[in-house]
Structure formats: structure tokens, C-alpha cells
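Trainee: What follows is a predicted protein model with its sequence.
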2 protein chains.
Amino acid sequence: MPNSSVSPQRLASAIRALAMDAVQKAKSGHPGMPLGMADIAVALWTRHLRHNPADPKWLGRDRFILSNGHGSMLQYALLHLTGYDLSMDDIRAFRQLGSRTPGHPEYGVTPGVETSTGPLGQGIANGVGMALAEKILGAEFNRPGFPVISNRTYVFLGDGCMMEGISHEACSLAGVWRLGRLIALYDDNGISIDGNVSGWFRDDTKKRFEAYGWKVIGPIDGHDIDAVDRALSEAESQEERPTLIICRTTIGKGAPKLEGTNKVHGSPMGGEEIAATRRAIGWEYGPFEIPEDVYRAFDARPAGARLEAAYDEMFARYEKAYPELAAELRRRIAGDLPADYAEVVRAAVSGAQQAAETVATRKASQKALSAICPHVPEMLGGSADLTGSNLTNWAGVESFSADHLSGRHISYGVREFAMSAIMNGIALYGGLIPFGATFLTFSDYAKNAIRMAALMKIRSIFVYTHDSIGVGEDGPTHQPVEQTASLRLIPGLDVWRPCDTVEAAVAWGCAIAKKDGPSALIFSRQGARFMHEQGDCAESIRRGGYVLRDAEGARAVIVATGTEVQLAADIQAKLAEEGIPVRLVSMPCTERFDAQDEVWRRSVLPEGLPVLTIEAGVTAGWARYLGGRGSSIGIDRFGASAPASALWPLFGFTVENGVARVKDLLR
Amino acid sequence: MPNSSVSPQRLASAIRALAMDAVQKAKSGHPGMPLGMADIAVALWTRHLRHNPADPKWLGRDRFILSNGHGSMLQYALLHLTGYDLSMDDIRAFRQLGSRTPGHPEYGVTPGVETSTGPLGQGIANGVGMALAEKILGAEFNRPGFPVISNRTYVFLGDGCMMEGISHEACSLAGVWRLGRLIALYDDNGISIDGNVSGWFRDDTKKRFEAYGWKVIGPIDGHDIDAVDRALSEAESQEERPTLIICRTTIGKGAPKLEGTNKVHGSPMGGEEIAATRRAIGWEYGPFEIPEDVYRAFDARPAGARLEAAYDEMFARYEKAYPELAAELRRRIAGDLPADYAEVVRAAVSGAQQAAETVATRKASQKALSAICPHVPEMLGGSADLTGSNLTNWAGVESFSADHLSGRHISYGVREFAMSAIMNGIALYGGLIPFGATFLTFSDYAKNAIRMAALMKIRSIFVYTHDSIGVGEDGPTHQPVEQTASLRLIPGLDVWRPCDTVEAAVAWGCAIAKKDGPSALIFSRQGARFMHEQGDCAESIRRGGYVLRDAEGARAVIVATGTEVQLAADIQAKLAEEGIPVRLVSMPCTERFDAQDEVWRRSVLPEGLPVLTIEAGVTAGWARYLGGRGSSIGIDRFGASAPASALWPLFGFTVENGVARVKDLLR
């Protein structure tokens, strides 16, 4: 692939120049990493990476992830130089409003960017997810002579990623799963923002990764392009184990005064140092100027077109030999659901409707999964070592392992953060819909990965059981109080807290169908009375908030979620006995409700009627539904260890309190 | 210390029996771990641990942490049997409302419990913090012949802790810091909740910890009490490196049918299996029955009294030789601030008042620290590899390292979660007030440790800079929008977002003085105009929300925080020009404001006046301040990569928009 007439060092210099210039023009950014990893990048991108810049979504492409995302200019330079639809004007607009070259790589903004990175450690975990997806889908779809799913995942990462705990969680799993097509290149430059890392980071990284079951190559000289090339070939020569290539580098390589220091990490180098660097690396061109021979040498489009053409030819034969498999793969990669999906969900809902069971909503969730998943083969469940508690394992599902790739339920171990970021990687790869669970309290451990799913608008489904003080004896460390409200603050995340089997089925139906963003599904350990005797209200449930039981001449509205809906119904009934009609609103998903038009919202919460909200969590988020007159029953302090039956009254979740609070509002 | 007439196996049986019985009676809990670690516990608690059950707060005691906190009955059994103020009635009340034996160990509830555990991986990180505090304080206060600060920290941990990423972060640091008095005992039983761990956890843990620079002993037989004893002696024989003792154990050891399976992890064993276990381990006593010889053999009070008496005698001589040092140590351990603290804060505030500087509030924070810290020697700052951005390093502070223990600023590396949990350990040890920083967005990474600080009511101070879209070019991954609101949901956490140098100084003053809980201090990268020309309002600021600039006949109130206060002032001025008087309220800490009496709150936000809130974050939390008539300028979506000057108008933070919004309210 490389144009032999141009030295690889010259190609690396082009990357360095672009990175320096773009950061300087933007007056902000991170030149140190691109200068330090330019040689590694040349080795990978001109000699190993299989991709087609003309078709960034080509299914057969290798995946490339910049886990140390602050070095974004490295990736933009590579995308531009190899021929992606990213012009020099885009490079000049680095970090400017509306540009396709934002400060950190953003999925969906820049062609060729496979995931958004910047929050350290998550890129490598995304990579583990992509490599896992490749392995699983390969096992499902490949046939002898037809490697329709077959690519490597390459990850660049730095000291910061190595220090983050998520790198431990994710790389430990990569070892267990024997992700032999995952290759990570570690920018071992010994410098982080605070300076020489020896004061806070002295891991023997080789030994650490060998402990995870990885193949470790190096340390090698990360500025010796041929050495990196050889290491990559060695890594690619086996597929039993993931590989870490430790590349000793100098941060800011080539900058006479700044290289090897933390000063070059995160700010423009200044005109003088840039000029000196140009001289030092022998780059005689002006800012943003790339000579033709360099463009030609980098251009990956001709080779990419050949690769893709060969793939297409193979796929055409595959399609002939296995038409159904090929159609299924196309559907799955497109992210479309099975043709009968709506019917499947309808059946799940009406099954729940007919069974009319009183069960914990985590059990309701499992029933919904058991009804839906057999018809949606892309569903890939999992749990962070709480399978029997989260009940994410549906009827008939088999456990995934490296020796049983057709299993569709993953035991992720006690690794909430990695589980979530790996799910994001799986969702980004496509072809599978990942969901994974832990206790709601421990959503805290994974918080930033949930946010990243929302930011990237991808279909990761986060399942959280043990939703409240209803957990009981395990006590306040295990009883969420602020988590539901906190999840609702993440833009673009649908947070569902269903009240029974029917709402659970609808919630699952909506989460799976939501192609453009993540959902969080919150379920209870405690029992939940069946609340839908009056018949089908799936359409109303989908709107996030609806009148569950109305009352003629209602004088107030009670709004509740999850297992508190049954309490609200009891309060409503008691008030009715006393001649006070109130309306009962179930609000399983505030985001959906807020997205309805005002007509719907006003039809549910009429102007002027006082509102009492009931939810076993902090009350702050409910204020906006109270209008001027309203109040909330909730929990604005931590829980306690005791049987749940003792806790509910302690925290005011009683019919008596509810009745009194409504009467207060009517006073 | 052990009573030689009673076999150690018999002591272990007593622990097993109590654990089984208590879980059975509570009808919930985790018997598997106590049965599995009983032998290890006997070795540690009867032959090594230096403590005095009669005085659980004795300064010279070793610290013991149950990082696998679900095995709480192990700790309660040990506390009861060795003579702590924890009666058999307390044991019988395991997991009941108001008991001193909650489901997971809770700091402040049970004498002898050094930290709350349950959220896995955090206990070992707390232990790293305690061992670090011991090392730092020892270097400060010990004198030849007077080891007044001298203890070991012992941590029990299991597979779950080992899988969690925070164990990587914390143990890596323990190696760098050479915490030779930290000894961790790993319950290597090969079982986690989902079953045999080999499907999701295959680390070579010995190799992994050697990579961190730890001494690793074993694997040894964790049921061989003498072997554990010898391993502990070996660990204690050197203080150069932290030690991990890998103990191979059988979960639920002694239960004929259940041992070695995940079924014994988290639920009562049942009467039949308990009876069979009693027979198998040769324990002929009834439920909750402990024979006298066992009590006598366990009783650590006589030895503890001798240890403490010897310590007291030594301390008395120390006090004579170094009266000032002794007094300082007493003050520090009591958690009291220097006598002139109020004066120091007053000076910091009035210095800020006089300087009247317009600087980023992160810079304002640094100025406050520089004014306060030289007078408060217990301040121990730090940053997760963002020192130059967080500006937590005050004038004159030196960097901490294993070779420079008097340094008072720690570079924690890129390890937000471990930093926070280590801070909690430091705060729990006492004698130091830890604060540590990262970017506000990455508070997500540490979320559960912040919660644990609030739950434990300890003085950890979390500093978050780069508070909003004001971050600019780094883009949405680095721009918090939901984090400030999310932190406010944590019960007991004071969240400060000061608007200028004066508020920053007051916020620091309050956070340091808050002995009974954590604070989060949120500062800006962007500039913040000096807002307090009118003079001292420190007393008002302490109330969390106050009238910053009033207007005669105000028709509306603008409430703002942080750098948006200056915008609010401009809006106020513009409206005044147009003849519309509005009041400007600064609300740096909503928790403090909410805690004021209604008189104050109404004096700030008068009933009937419409309210416009302005904060560069999600608006949901502000609804409760709006009354019936109000609106919010905020950001209910993710940010964007661009210079901040381009982002503020894009998101509606302009005088024009503010003026229009107020006029809308007055319509």
C-alpha cells in the first residue's frame, strides 16, 4: 500500500505539521500526542489498516479507535490524508463551531470516527466491545469461504487510559474472551499532564497485561516505523489473544524545545517552536500545505476500493449461497428490527395484559424479554455479576463464553463501567442490540458511559433493578434514592420506571425500537400489583405519562411511577371512599411525556388541578409537574437497612400519608 | 494473644455459627463469605490485629476494612466476640430497623466499623487512603522513640473488588506510594454471584499485583490458620511494599451441600443445611449460643487495654517532650480547626473583597487556598492529573511523593474514582482534610465515592473545575451540562458554584468548616467578573442564596449561579435602563439556601414575584424555585466544540435573551 518513493518519515512529518498548524490556528488543542504517535500512525495506516476512505461504513473495514481522544488532530490528519471526505478547510476549522473537526473525536460528526473519545479509558473499552461484536457476529454469519464479518480492531491509547480503572475491567474481559483480533498500541511516553508519570504511575504494564492473558509485544521504539510495522505483523499473526504493543515514544517528538515535556500536551506550541520543529523534521512547506507526493502516498482510496470490491464480490456469492443469512445480516447491520417486531411487542403486551400477574417489575422485565427476545435475535443481554437478581436472562437463553459464542447472555463480572462502555462498542459495531444490568445504585459506577451513549445517540439499553428502599435489608449503600432523578438529567436518555407487567413490556418495546439513543429501564425487587385490569393502554404508555384511572370531577391528580403506582391507586380509592375524587396518572417515562404536544400533556395534567407526586426517590425533579400547587412524597435522605415492609411507612409511603397530603393540597 | 487452650478452629466455628444464625434469623444476608473467611479472620484478629475493643477510637489501633462488605456478619461476629460494645441482641437484630448491625457495615452505626462498605472495590481504596494518612501523619508527628502514629491497615477483599476498576487505580497508587503497612487479604474462592468466575475472571492476580510493585504472598490455603498467621508475619516483616496475601478458600466452607457454590453467597442457608453444617464443623451449640471458653479466647480487651496503656504512657512522655506537637496532633485528630480559623477565612474574604479581581473562579479558588492553607496545615490537596487546570496547588505548596511525605499536594494520576475513595479513607483516618479535583464532567467517574462520603458524613472536599460550556473547544465530552444538578441530588452534599473571588473564598471557608459532611466546589475555566463592589456579604453568602443587587419596586427576580451571575447583572442593568426594576439573587449553594428558615428564603424570593433562573446546565432542578410563574435559561442538551465566546450566544446566554425572558414573565 505505501508509495515506495516517499519515505514514511516524510509521511509522519506531514501529520506532525498538520497537527501543529491546526492547534496553532485554533489557539487550543493537544499537539503532543499527534507528534508522538505520528510514526506509529504511519505504520498502521499505510501498511496494515484495511479501510476504504470512500466508504467509511464499509462492513469489512478494520475499526480504528483513538482512546486518547485529545490527540484528535492525529485522527483528522489521517482521515484527511488518506482520502476521507474531510477537506483541508475542515482541518482549518479545527475546534470551531459547526465544524467536522471538533476538539475530541465525535461519532456522527466526522466520517471515519468510529466512536466519541476523550473521557479516558472508554475508547479501549469501546474497542473491546467492537472486537466482541465482530467475534460474535462472525460466528453467527460467516460460512466456510465467506468471512463476511472479519476485521481487526486497532486502538491507540496512552498513559491516562492505562491509569483509569475501566482499562482494567475491559482488558481483563478481553483476555477472558480471547479477542485475538483486538490490537492495542500503547503510547508509552512517560508524561501525563502533571509531568513525568513516575511520581504517580509505575505499573509494569507488560506484566499487567500478561496477567490478563494478553500477548504483549515490546517495549519497542515507537518512532521506528519498521519496528511498529513488524510488531503489527506479529500481532496479526495469531488470533488467540488480544495484543498490546508497547511503544516507547517521546511526547511532542520533533519539537526542539518542548518534546518530552508536559508543556506540549495540551496547548499550542507557538509560532517559533513550530518553525523550529519544521526545520528539525525537515518539513519545508507552509501551514496547511501538503505536497502532492505525500497525498499520493497516503491515498488509501485505490487500495480501499480494491478491498471493498473483493469483499463485495465475496458477499454477492455469499448472498447466492445463503440468501436468508445475507438478508438477515443486512437487516441487522442496518439496525432495522424484524419485520414482525410490532406484532411481537403487541403479543408481549397482550400476554402481560391477559396474565394479569402481580410480580416484581424485574420479573415483569424478564417475562417481557422472554416474549420478545426469541423473535429478535440481535438481542445480547448481560449483567455485571447479578444475573439471578437482575433477571436479564430470559427463558431459553444460553450463556455466552469464548467457547460458546452463540450464547446471548454475557456475565460481565463485577465491572459496571466496562460493561456499559463495551455495550456502547457493541452498539456502534451494529448487528446486535446490547443490554446489560446492575443494581440501580451502581449505575453510579458507569455514569459516564451512559452519558456517552446518549451523546453518541446509540442504542445501548441499560437495565437497573433494585430500584429503591424496596431493596430492604441490604441498606443505604444498596438503596438508590437519587439515581433515577439523576439519570433523567442526561439529555437524550429515556428513563423508564414501569409499574407492572404491561408497562414493563411496553418499555422494552420502546427501548428496543429506539434506534437513535439509549434507554435506562428501572425495575423493582419488590412486588408490583397488576394495574391494567381496565384493558389495553399500550398507546398511552408509549406517551410516557397517561391517565391510568380517572375520576369524575377530579379535584386533584396523583402522579406516580413504578411500584408507587399501586400505593397511589390505594390512596385514590381511599379518597374516593371519603368522597374526594382524584385522578391517577402513571408516568413511567418523563422524557417521553415531556416530548408530547401540549394537548396531550394538558389532557393528563389539567391546568389548575393540584398535583401530588409519589416516587421513592429524591423529589427535586418533580417540581416542574406541580404547577403552582402541589407537593411530592419522596425520599430526600439516604435509606436504611431493614425489611422493606418496615421502611415504606418510615419514609411516608402509606395510604394515610397520601390521603393527608392530598387533603392538604385541597385546603 | 490467643488462649491456647481453645483451638483456633473452634473459634472459626463460632464465627461461622453466628453468621449462619444471624442470616437465617434475618431471612436475608450473605453467609458464604463469613464461612469462607472465618479462618483468615481468626488468624488476623487473634494473632495480629492491635486494637482495643473498649476504645474503638484509640489512635494507635490497626485499621480493619471489610471491602467485601456483604460479608458484614463476619465483622459483626468478630466485633461481638472480641468484646466491642456490640451485644448478642445486636447480632440478633441483624438487618433490622434501627439496629447496629445493618446489612452492610456502616460507619458511625457500629463501633469498630472504620468505613461503610458494600459498593465493591471502594473499601480497598479507603484502605489505601488510611494507610496513606498514617504514613503522612507519621512523618509529620513521630519523633525518635515516639511512634505516636503507627498502625497497620488490614483489608479483606474478594473477587468482586478485584474485578472492579477502582481496585486497579487504588492498588497501583499504593505501589507507587510504597504503603508498606497496608496488608490486603484476598478471599480467592473462585465464585461470584453468577457462578464459577472462570467464565469472566481469569486474571493472574499475583502477577497483576507484582506489576503494581506489591509484595505478593501465596496463594496459600485460606483455611489453614497457621499458614495465614505465617503469611501475616511475613507481610509485617517488611514495610517497603504493600502486601497482598492470596488466600485460596471455599465459599461457604463447612456447609456440606452448599460450600463451593454461588448458592451460599447471598441468601440464608436454611435450617437443614445449618444443622448439617453445625455437625460438619463440630459446633454443638444452639443458635446465638457462644460458650464461655470461646468468649474468653476471643476477648481482646485485656490485651487491648495493655496496648493502649503502653501507648498512653508513651504519648504522655511525647507530650512532655513535644508539647506543641502533641497538642497539634490532638486538635487535628479531633477534627477541630486552628483556633484562628474564622479569622483566617475572614482575611481571605476581605483580601478578595479588596483586590476586587476579575478572574476565572478556578483562579479565585486557588487564591482562596493560598490565603487559607498556610494556616490550616491539615489541608491535603490533589488532582487527578489536572493540577495546572484545576489550580488546586496553592502558593508555596510542595508536591507529595513517597520520597517527600511533607508535600501537601498529591498528583493522583488519571484516577478520579480512586482519588475520591482514597480521600474518603484519609478523611476517615482523621488529622488531614483531603480535597481533590478533576474536570466537572468527570465527577461522573467518581460518582459513587462522592455518595459514600455523603452517606458517611465525612469531610471530603471534591473540587470540580471547567464547569460548563465555558470549557469551549474541548467539546461536549468535556462540557458538563447535567453534573451540577446531579451532584445537588446527593443528600448531605453541599454543592457550591461561586460567582467570583469573594464567593469562592466563602465557599472554601464553609467547606473546610463542615465537619459532618462533604462538599463539592465547582469552578469555572472562563473569567468571572468581580461582583461584590458593594462590600462584604460573607454572612449572606454563607446562607447559600441572597440578594446581591436589589432594585426598588422589583417586579421580578433573576437567580443565577457561578459565572452566569455577571450575565444576570447585565440583564438587570439593561432592564433598569428600560425602566423595569428586577432583583438579582446569587445562589451559590442551593442546599444551604434550602436549609435557611422561611423568613430568610422569603426575604430573598418573595412570594408572588416571577423568577428567571440562569445557569449553564440542565434546568430541571430549578423548577422548585420558580413558584407558579417563572422560567429558566439553561442547557437541556449536550454542548458543542467551539470557542466559548461562540457557545454562550448559541445556547441563549445573552443579555437580549434574558431581557426578553423577563419581559415574557411580566406579560
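Mentor: Great, that's in hand.

Trainee: Strands of the stretch 51-200 of chain A, residue ranges please.
Mentor: A:63-66, A:153-158, A:182-188, A:191-192, A:195-196 (DSSP state E, counting those that start in this stretch).

Trainee: ditto for the stretch 201-350 of chain A
Mentor: Using DSSP E, counting those that start in this stretch, strands in the stretch 201-350 of chain A cover A:215-221, A:243-248.

Trainee: tell me the most buried of those strands?
Mentor: strand A:243-248 (a mean of 24; mean count of other CB atoms under 10 Å in any protein chain shown). The way it works is simple: take the backbone N, C-alpha and C, and place the C-beta from them, glycine included.

Trainee: Between the strands of the stretch 201-350 of chain A, which one is closest to chain B.
Mentor: strand A:215-221 (11.1 Å; CB to the nearest CB).

Trainee: which strands and helices sit next to that closest one?
Mentor: Packing contacts for strand A:215-221, counted by 3 or more CB pairs under 8 Å, 6 or more residues apart in numbering or on different chains; DSSP states H and E, involve helix A:205-211, helix A:225-236, strand A:243-248.

Trainee: ok, residues contacting the longest one?
Mentor: Among residues not part of helix A:225-236, those counted as contacts by CB atoms under 8 Å, 6 or more residues apart in numbering or on different chains are A:8-9, A:12, A:39-40, A:42-44, A:47-48, A:152, A:183, A:185, A:215, A:217-218, A:220-222, A:243, A:245, A:247.

Trainee: hang on, residue A:217 packs against residue A:242?
Mentor: No - using CB atoms under 8 Å, residue A:217 is not in contact with residue A:242; the gap is 11.5 Å.

Trainee: Going by residue numbers, what spans are strands in the stretch 351-500 of chain A?
Mentor: A:359-360, A:379-383, A:409-411, A:433-439, A:461-465, A:494-496.

Trainee: what's the closest of these to chain B?
Mentor: strand A:409-411 (4.2 Å).

Trainee: center of chain A, which residue is that?
Mentor: Centrality entry for chain A: nearest residue to the mean C-alpha point is residue A:424, 3.0 Å, by CA atoms, centre = their mean.

Trainee: I'd like to check which residues are in contact with that residue.
Mentor: Each residue near residue A:424 by CB under 8 Å, 6+ apart is listed here: A:115, A:122, A:125, A:126, A:129, A:449, A:452, A:453, A:456, A:458, A:460.

Trainee: so, if you compare those, which one comes nearest to residue B:558?
Mentor: Of all the contacts of residue A:424, residue A:452 has the smallest distance to residue B:558: 34.0 Å, by CB to CB.

Trainee: which ones are touching the closest one?
Mentor: Here residue A:452 is in contact with A:116, A:119, A:122, A:421, A:424, B:477 (CB under 8 Å, 6+ apart).

Trainee: Pull up the per-residue confidence for it.
Mentor: With respect to pLDDT, residue A:452 scores 98.

Trainee: that older thread, buried subset of the contacts of residue A:424?
Mentor: Among the contacts of residue A:424, those buried by neighbour count (16 or more other CB atoms under 10 Å in any protein chain shown) are A:115, A:122, A:125, A:126, A:129, A:449, A:452, A:453, A:456, A:458, A:460.

Trainee: is it true that the third one touches residue A:174?
Mentor: No - with contact defined as CB under 8 Å, residue A:125 does not reach residue A:174; the gap is 9.2 Å.

Trainee: Tell me the residue of the stretch 551-667 of chain A that sits nearest chain B?
Mentor: Counting by CB to the nearest CB, the stretch 551-667 of chain A gets nearest chain B through residue A:628, at 2.9 Å.

Trainee: returning to that earlier point: with respect to chain B, which of the strands of the stretch 51-200 of chain A lies nearest?
Mentor: strand A:191-192 (5.1 Å).

Trainee: so what does that closest one touch, helix or strand wise?
Mentor: Applying 3+ CB pairs under 8 Å, 6+ apart, one finds that strand A:191-192 makes contact with helix A:159-163.

Trainee: And the contacts of the helix it packs on?
Mentor: Contacts for helix A:159-163 (CB under 8 Å, 6+ apart): A:67-68, A:120-121, A:123-124, A:167, A:186-192, A:197, A:200-201, A:203, A:205, B:169, B:172, B:385, B:413-415.

Trainee: so residue A:261 touches residue A:255, yeah?
Mentor: No - if you go by CB under 8 Å, residue A:261 and residue A:255 don't touch, sitting 9.0 Å apart.

Trainee: More neighbours: those two, which one.
Mentor: A count of neighbours by other CB atoms under 10 Å in any protein chain shown puts residue A:255 above the other of residue A:261 and residue A:255, at 27 against 16.

Trainee: Just want the residue of the stretch 51-200 of chain A that's nearest chain B.
Mentor: Using CB to the nearest CB, the single residue of the stretch 51-200 of chain A nearest to chain B is residue A:165, 2.3 Å away.

Trainee: Now for that residue: which residues touch it?
Mentor: A:121, A:417, B:121, B:164, B:165, B:166, B:167, B:168, B:169, B:415, B:417, B:418.

Trainee: Just give the number of residues close to the second one.
Mentor: If you count neighbours by other CB under 10 Å, residue A:417 ends up with 32.

Trainee: Surely it and residue A:446 touch.
Mentor: Yes - counting by CB under 8 Å, residue A:446 is a contact partner of residue A:417 at 4.7 Å.

Trainee: Which residue, other than its chain neighbours, is closest to the residue of the stretch 51-200 of chain A closest to chain B?
Mentor: Among residues not flanking residue A:165 along the chain, residue B:165 sits closest, at 2.3 Å (CB to CB, 6 or more residues apart in numbering or on different chains).

Trainee: how near is that neighbour to residue A:396?
Mentor: 33 Å (CB to CB, to the nearest Å).

Trainee: which stretches of chain A have low pLDDT?
Mentor: A:1-4 (pLDDT under 70).

Trainee: Contact residues of the stretch 301-450 of chain A facing chain B?
Mentor: A:383, A:385-389, A:399, A:401, A:411-415, A:417-418, A:441-442, A:444-445, A:447-448 (CB under 8 Å from any CB of the partner chain).

Trainee: so what's residue A:617 up against?
Mentor: Contacts for residue A:617 were tallied using CB under 8 Å, 6+ apart; they are A:468, A:480, A:481, A:482, A:483, A:484, A:485, A:634, A:635.

Trainee: ok, now with 7 Å
Mentor: Listed by CB atoms under 7 Å, 6 or more residues apart in numbering or on different chains, the contact partners of residue A:617 are A:468, A:480, A:481, A:482, A:484, A:485, A:634, A:635.

Trainee: Share the number of residues neighbouring the second one, please.
Mentor: Other residues within reach of residue A:480 by the criterion other CB under 10 Å amount to 30.

Trainee: Leaving out the residues flanking it, which one is nearest to residue A:522?
Mentor: residue A:497 (4.3 Å).

Trainee: gap between that neighbour and residue B:641?
Mentor: Applying CB to CB, the value for residue A:497 to residue B:641 is 34 Å.

Trainee: cool, residue A:654 as well?
Mentor: 51 Å.

Trainee: Which one of those two is surrounded by more residues?
Mentor: residue B:641 (32 against 16).

Trainee: Just read off the phi/psi values of the closest residue to the residue of the stretch 551-667 of chain A closest to chain B other than its chain neighbours.
Mentor: Spatially, and ignoring its direct neighbours in sequence, residue A:628 is nearest to residue B:628 (2.9 Å; CB to CB, 6+ apart). Dihedral angles phi and psi of residue B:628 (degrees, to the nearest 10) take the values phi -80, psi -30.

Trainee: what does residue A:177 give?
Mentor: For residue A:177, the backbone dihedrals are phi -80, psi 0 (criterion: degrees, to the nearest 10).

Trainee: Name all residues that make contact with the nearest residue to it once chain neighbours are set aside.
Mentor: Distance criterion CB to CB, 6+ apart; nearest residue to residue A:177, sequence neighbours excluded, is residue A:402 at 5.0 Å. Contacts for residue A:402 were tallied using CB under 7 Å, 6+ apart; they are A:176, A:177, A:178.

Trainee: Equivalent analysis for residue A:463, please.
Mentor: Taking CB under 7 Å, 6+ apart as the test, what residue A:463 contacts is A:390, A:392, A:435, A:436, A:437, A:521.
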